[in-house]
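>>> Sequence and predicted structure below; questions after.
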Amino acid sequence: MTTKKILVVDDDRDLVASMEAFLGARGFEVATAHNGREAYARIVESRPDLIVLDVMMDYDEEGMVFASALKTDGPTRDIPIIMVSGFNVQKETRERVIASLMGQDWPAETFFQKPVRLADLAARIDLLLEREEERHTPWPLAEEA
């Protein structure tokens, strides 16, 4: 089994450092970035298996714009994204408001409100990566079953 690569993108350097240490200790290869420009460079360098992305960075919608761009681009469309933010509203309202602002669907598989409980984040990462692996694993032929 290959080591899964996680890209953590947030302008909060302390949060990035804590996520990097925590996820690294759990056996993930962790790359970091502090804005969309840096994140894109990390994606080009080594395509991550999953991205943890802050909603608001250099400008308020940077994370949303970046996530939406990733979901429309062929090579990055299938990378699961976990969005994190201090944005404090109910999930349905948040998704409706952000989707209407962006003019498209919610670009992430899940959302965590800051402060993020790292154990919960790791559990969700495990679940999303397991789903991705299952999605890309061919079904056995009848003779192999």
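That came through fine. Since we're looking at a predicted model, the values are computed, not measured. Residues are numbered from 1 along each chain as shown.

>>> Can you give me every residue that contacts the nearest residue to L70 once chain neighbours are set aside?
Distances taken as C-beta to C-beta, 6 or more residues apart in numbering place T76 nearest to L70, at 4.3 Å, with adjacent residues excluded. In this view, the C-beta of every residue, glycine as well, is placed from N, C-alpha and C. Residues counted as contacts of T76 (C-beta atoms under 8 Å, 6 or more residues apart in numbering) are 43, 47, 70.

>>> Buried subset of those, written for ChimeraX?
The following ChimeraX line selects those of the contacts of T76 that are buried, judged by 16 or more other C-beta atoms under 10 Å:
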select :43,70
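
>>> So which of the contacts of T76 are in helices?
Among the contacts of T76, the members found in helices (DSSP state H) are 43, 70.

>>> Neighbours of D120, how many?
By other C-beta atoms under 10 Å, 10 other residues sit near D120.

>>> any chance of the contacts of T76 in CSV, plus pLDDT and distance to E133?
CSV is the format used below for these (pLDDT from 0 to 100; distance: C-beta to C-beta, whole Å):
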residue, pLDDT, distance to E133
I43, 95, 20
R47, 94, 15
L70, 90, 20
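
>>> Pick the one among the contacts of T76 closest to F112.
Set against F112, the nearest of the contacts of T76 by C-beta to C-beta is L70 (17.8 Å).

>>> contacting residues around the closest one?
Going by C-beta under 8 Å, 6+ apart, L70 touches 43, 51, 76-77, 79, 81, 107.

>>> And the next helix or strand past the worst-scoring helix or strand of the chain on mean pLDDT?
Within the chain, no helix or strand scores below helix 91-102, which has a mean of 56 by mean pLDDT, DSSP states H and E. Where DSSP states H and E defines the elements, the next helix or strand beyond helix 91-102 is strand 110-113.

>>> just checking, what packs against that next one?
strand 81-85, helix 118-136 (3 or more C-beta pairs under 8 Å, 6 or more residues apart in numbering; DSSP states H and E).
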